[in-house]
Every structure is written in structure tokens, then in C-alpha cells.
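>>> Structure for this input, please:
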Amino acid sequence: MTLPELAYQNKLLAQEDWLLIILKLSGKVLTVNELVEATEIEQSLLSHHLRDMKARGYVLGTRRGQCIEYCLRKNEVVGLALAMIGRDG
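Below you'll find the model as predicted:
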């Protein structure tokens, strides 16, 4: 990974909301509504974060009826974020 790629990927580690989302998704599968309740992040902002996180490969989203369920993807950046907040990946 090049230095610019590494810096881009590590944006995750500088985003308080992203770290909170990772913490709440650690070992769980949650819908957007469940994440709104768990994080107290406004739904539209949370959806924006989840789109960005999904595009970077940090979360997976699976449609279940009218809802989308999210879970963490295993990768180095998510593993580092979990280690920073004291959770095992």
C-alpha cells in the first residue's frame, strides 16, 4: 500500500463517528434504525457514513426486506480501530 493510500484508508481512525459505528457493530449485525438508536447519530448522517464506510470496505450491507443490515468486514484498518477502542476483531 502506498503512503497516499494508507493515509486515505486511515481516515477511519480520525473519524469519531466512524469509530463509534465500529464499536456498536463489533460482533453484531444492526439495521440503520438500530444504529441510530445505539449511536444517537442523525439518520441521514449515519447513512452517509455507512455509504462511505461500505465504499472503503469497512462494512457490509445486506438488504433484508425493507431494511439494510450492516456488519463489520474484517480488514487491517477495522482491526486497528477495534484494537484502539479495546475490542477484539
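
>>> what bits of this structure have low per-residue confidence?
1, 5-12, 75-77, 87-89 (pLDDT under 70).

>>> For it, just list every one of the helices.
3-9, 16-25, 32-39, 43-55, 76-84 (DSSP state H).

>>> And for the fourth one, what's in contact with it?
Think helix 43-55. 12, 15, 17-18, 21, 32-33, 35-36, 39, 41, 59-61, 70 (Cβ atoms under 8 Å, 6 or more residues apart in numbering). Bear in mind the C-beta positions are built from the backbone N, C-alpha and C, glycine included.

>>> Just the buried ones among those residues, please.
Burial by neighbour count, 16 or more other Cβ atoms under 10 Å: within the contacts of helix 43-55 this picks out 12, 15, 18, 21, 32, 35-36, 39, 41, 59, 70.

>>> For those, work out which two are farthest apart.
Pairwise distances across those (Cβ to Cβ) peak at 19.9 Å, for the pair Leu12 and Val36.

>>> I'd like the buried ones among the contacts of helix 43-55 written out as JSON lines, with distance to Leu82 added.
JSON lines is the format used below for these (distance: Cβ to Cβ, whole Å):
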{"residue": "Leu12", "distance to Leu82": "11"}
{"residue": "Gln15", "distance to Leu82": "14"}
{"residue": "Trp18", "distance to Leu82": "12"}
{"residue": "Ile21", "distance to Leu82": "12"}
{"residue": "Val32", "distance to Leu82": "21"}
{"residue": "Leu35", "distance to Leu82": "17"}
{"residue": "Val36", "distance to Leu82": "22"}
{"residue": "Thr39", "distance to Leu82": "16"}
{"residue": "Ile41", "distance to Leu82": "19"}
{"residue": "Val59", "distance to Leu82": "13"}
{"residue": "Tyr70", "distance to Leu82": "15"}
